[in-house]
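**Student:** Provided below are the primary sequence and the corresponding predicted coordinates.
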Amino acid sequence: MTQDSNNDASHDTANDRPLQVACPQCRKSVEWTSDNPYRPFCSKRCRLIDLGAWADESHRIVGEPAMDEADLDALIDKLERGGDNR
Ligand SMILES: [Zn+2]
């Protein structure tokens, strides 16, 4: 009559599941396993997009001083005109 030892099914497979994370690029849920070399991204594509975004940002930072140079030019122009010491 003691056949209810099957009631123990409350703690079974929950711990065997791999951790799931959201892909930072497309928000798709990804399994964090050593099978996935692109984690936390879901795929190579998403990883490359992210890297590309980074590269793009650093390019922009490098390009920005050009605007500052124009400002400096105007400033130098003003200073040169003001310092009429010749
Ligand atoms: Zn993705």
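**Tutor:** Thanks, I have it. Numbers count the residues shown, from 1 in each chain.

**Student:** a helix runs through residue 55, doesn't it?
**Tutor:** Yes: judged by DSSP: H, G, I helix; E, B strand; the rest coil, residue 55 forms part of a helix.

**Student:** Would you mind measuring from it to the ion?
**Tutor:** Distance check for residue 55 against the ion: by C-beta to the ion, to the nearest Å, it reads 18 Å. Where C-beta positions appear, they are placed from N, C-alpha and C, glycine not excepted.

**Student:** Also residue 70?
**Tutor:** Taken as C-beta to the ion, the span from residue 70 to the ion is 40 Å.

**Student:** Need the three-state assignment for that residue.
**Tutor:** Three-state call for residue 70 (three-state DSSP): helix.

**Student:** Quick check: pLDDT value at it.
**Tutor:** We have a pLDDT of 71 for residue 70.

**Student:** if I look at it, how far off is residue 78?
**Tutor:** 13 Å (C-beta to C-beta, to the nearest Å).

**Student:** and what of residue 23?
**Tutor:** Relative to residue 78, residue 23 is positioned 52 Å away (C-beta to C-beta).

**Student:** neighbour-wise, which of these two wins?
**Tutor:** Using other C-beta atoms under 10 Å as the criterion, residue 23 and residue 78 rank with residue 23 on top: 18 against 10.
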